[in-house]
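Engineer: sequence and computational prediction follow.
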Amino acid sequence: MKDREIPLREKSIVFIGFMGVGKTTIGRRVAKKLYRDFYDTDVEIEKEFGMPVTKIFETVGEETFRKKEKEMIIRLCKQRLNIISLGGGAFLQKEIKDVCLKNCLVFFLDLSWESWKERISLIIDSRPVIQGRTLEEIEDLFYQRQEVYSVHHSRVSLDYLEIEETADYIAESIKLAWELYEPQK
């Protein structure tokens, strides 16, 4: 049986971007505004393993984490009406990128390096990918991933927006797209 195209109004919405840019915080707010279920894939994986991501990396390794991440994201993206926040490295996997772009609306939450590095002290303990790296190595990783994130449906620059402004902007943009591209009968 061939997959049928998901109507625009029912497509799940995926947030991508570098770790710590606010995908979870913004995603939760957008989910409330659009009356949808919200999933943070890292949190869902933590629930399955019964431990934080840092411990998962230490205990079973990044490869096992990435495999579970891929299974979960593919399943969530094939469902309708979800808001999904991906971990910063998830979109690096081609299968994840492809299923997100095919089945969902993908929003790239973009924050400049200058703004992002102000947050590093708040997130470093919970992000195993950047632990033990120099600031220069983290900056290299940041810019390497920008290329991966450049394939999306919509980009939102976060440098000059507050969280609530961003969530309002995204929710209103989505509603406008529904009206423009898929008018109700």
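Structural biologist: In hand now; what should we look at? Numbers count the residues shown, from 1 in each chain.

Engineer: when you work out contacts or count neighbours from here on, use the C-alpha atoms and nothing else.
Structural biologist: Fine.

Engineer: got the contact list for stretch 139-159?
Structural biologist: The contact list for stretch 139-159, computed with CA atoms under 8 Å, 6 or more residues apart in numbering, reads 16-18, 91-92, 101, 105-113, 115, 166.

Engineer: so which elements touch the helix or strand of the chain with the lowest mean pLDDT?
Structural biologist: Every helix and strand in the chain was compared by mean pLDDT, DSSP states H and E; the lowest is helix 120-123, with a mean of 82. The criterion is 3 or more CA pairs under 8 Å, 6 or more residues apart in numbering; DSSP states H and E, and there are no helices or strands that helix 120-123 contacts.

Engineer: report pLDDT for residue 53.
Structural biologist: Looking at residue 53, its pLDDT is 89.

Engineer: scratch that, residue 161
Structural biologist: In this model, residue 161 carries a pLDDT of 93.

Engineer: same check on the one 3 residues further on?
Structural biologist: Residue-level confidence at residue 164 comes out at 96, pLDDT.

Engineer: quick one: contacts for it?
Structural biologist: By CA under 8 Å, 6+ apart, the contact set of residue 164 is 26, 29.

Engineer: and it, what element?
Structural biologist: According to DSSP states H and E, residue 164 maps onto helix 163-181.

Engineer: list the buried ones in that helix?
Structural biologist: In terms of neighbour count (16 or more other CA atoms under 10 Å), helix 163-181 has its buried residues at 166, 167, 170, 171, 174, 178.

Engineer: okay, buried residues for the least confident helix or strand of the chain please.
Structural biologist: Taking 16+ other CA under 10 Å as the criterion, helix 120-123 shows residue 120 as buried.

Engineer: residues touching that helix, excluding its own?
Structural biologist: Under the criterion CA under 8 Å, 6+ apart, residues residue 20 lie in contact with helix 120-123.

Engineer: how far off centre is that helix?
Structural biologist: Between the centre of helix 120-123 and the centre of its host chain there is 18 Å, according to CA atoms, centre = their mean, to the nearest Å.

Engineer: that's all I had, so thanks and see you.
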